[in-house]
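A.B. asks: need a 3D model of the following:
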Amino acid sequence: MLFRDLVEKYNLGEPGVDLTCGCADVVNSVLADGVACARLQDLALDGTYNKQRTTIKPIGLTARPETGWYKIVCVMGTEANGDADFHFVRQDIMDMYDLYSITLHGYHDFNRPQSCFWFGTPLWQGGKGGFFTTTPSPYDVLGIHPFTGSRYVESIFTDTSRDPSAYGLKGNLRAAHSYISGAKPIDQNDPNLNRPRTNIDLHVSRIPEYILSGKNFIPSPFWLVSVDPFVEDCANKVRRRQQELSRIYEGRPGYELHKKTVDDAAKDCIDICNKRRGMPPVHSLIGTFSEKLGFGTGALNTDGAFKLNFDPSKACRYRGGVHYQSVCTAFSVLHNHGVTAISAFDRPSGRKTKNATRQHTVDGLEMQDLAVVGDSGPPHWDGDEPGRTLDHL
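C.D. replies: Numbers count the residues shown, from 1 in each chain. Down below sits the predicted model:
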């Protein structure tokens, strides 16, 4: 390593990371990288450096990074041949408004996601090389946001002054429209249930089971069950909608979380109708984790179960034949202060050697594919503080 004092201070093996020591050596190596990176950058600027400055600091798994820093989490696992491996995920910011519209990217080396919308369309597509993306929802096909008001949704085809072809849309527009409107449904159920069933499918397909089965995270309960919150006697209308949807999901294997989501959303709606809590905000920043499988792959914003990753300690951590059983620790990384390989520098000028090697480096430290970074976990909204986000996830 370029700075010999760091080898002794952090008890580093030579060369590279000694994974037989487990998380401790990985943690020490990453912390040494942070100091070395800061020194190299200082040297490149003015030829001197502060021995104490660093671009990476340890941070608690539930702690919030300081402004200008973002969080990464290190996990470790064992490959099929018995070799240990470590991997990093990083926290990003998502506007809750985009929760049901953002395209999800997932990977699995042998399992294909099987879930479908209630009208039969698979929720995932692709599969080349094990990489999948979410199938466009009816909202995507129509070119409207999932939170678009019901009156506008209905008017797309019922208002003769509107020409759907003028939107420049592709796909079967009328079929897509029928899945989120009052048109006759394909299974002969009440047509007013088309949109809530589509909304519930979107919710259950994106939110991980450890949240769905617990204190469910429902950012827009009235949207989820498709009931107008401003009508008279809205609590009873919500109860009727709850009964209608429950009849569809009750007793059906594989739909237990759909049924629970209906009940959880209905409870939130009724509390709002009865003024026991306020309406949750449409825009609120939530934290999710993303990762890369290597420099040659795109960013993945889902875990090994094709769900949004809100909590690396609870998410499915199977990746590319490795199950990362251990969550080592979290680090706080200074924005835009990463280098590909510390050992790629042979002199204070910062010029790279001809045959650079990778040792004591953070793989993918500068992953910017998803463009946003963040510091908060998913909110469990309970009405006491509208818009509040909890940091324990």
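
A.B. asks: C-alpha from now on. contacts and neighbour counts both.
C.D. replies: Noted.

A.B. asks: helix or strand right after the single longest helix found in the chain?
C.D. replies: For the chain, the helix that runs over the most residues, judged by DSSP state H, is helix 23-46. The C-terminal neighbour of helix 23-46 among helices and strands, as given by DSSP states H and E, is strand 56-59.

A.B. asks: quick one: mean pLDDT over the helix or strand just after that next one.
C.D. replies: Per DSSP H and E, the first helix or strand lying C-terminal to strand 56-59 is strand 69-78. This predicted structure assigns strand 69-78 an average pLDDT of 91.

A.B. asks: run me through the strand neighbours of strand 69-78, direction for each.
C.D. replies: According to DSSP bridges, the neighbouring strands of strand 69-78, each with its direction, are strand 84-95 (antiparallel), strand 322-334 (antiparallel).

A.B. asks: just the CA trace of it, in CSV.
C.D. replies: Included here for strand 69-78 are C-alpha records, laid out as CSV according to Å, rounded to 0.1, in the frame of the first residue of the first chain:
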residue,chain,number,x,y,z
TRP,A,69,-22.1,12.2,3.2
TYR,A,70,-24.0,9.1,2.2
LYS,A,71,-24.2,5.6,3.7
ILE,A,72,-22.9,2.3,2.3
VAL,A,73,-23.4,-1.0,4.1
CYS,A,74,-20.9,-3.9,3.8
VAL,A,75,-22.2,-7.5,3.7
MET,A,76,-20.2,-10.8,3.7
GLY,A,77,-21.0,-14.3,2.5
THR,A,78,-19.6,-17.5,1.2
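
A.B. asks: distance from that strand to the middle of the chain?
C.D. replies: Averaged C-alpha coordinates place strand 69-78 at 15 Å from its chain's average position (CA atoms, centre = their mean, to the nearest Å).

A.B. asks: with stretch 258-278 instead?
C.D. replies: The chain centroid and the centroid of stretch 258-278 are separated by 24 Å under CA atoms, centre = their mean.

A.B. asks: just the buried residues of that stretch, please?
C.D. replies: Using 16 or more other CA atoms under 10 Å as the burial criterion, the residues of stretch 258-278 that qualify are 258-273, 277-278.

A.B. asks: take the strands paired with strand 69-78 and lay them out in JSON lines including mean neighbour count and distance to Thr302.
C.D. replies: Shown next, in JSON lines, are the strands paired with strand 69-78 (neighbours: other CA atoms under 10 Å; distance: least, CA to CA, whole Å):
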{"stretch": "strand 84-95", "mean neighbour count": "21", "distance to Thr302": "11"}
{"stretch": "strand 322-334", "mean neighbour count": "20", "distance to Thr302": "15"}
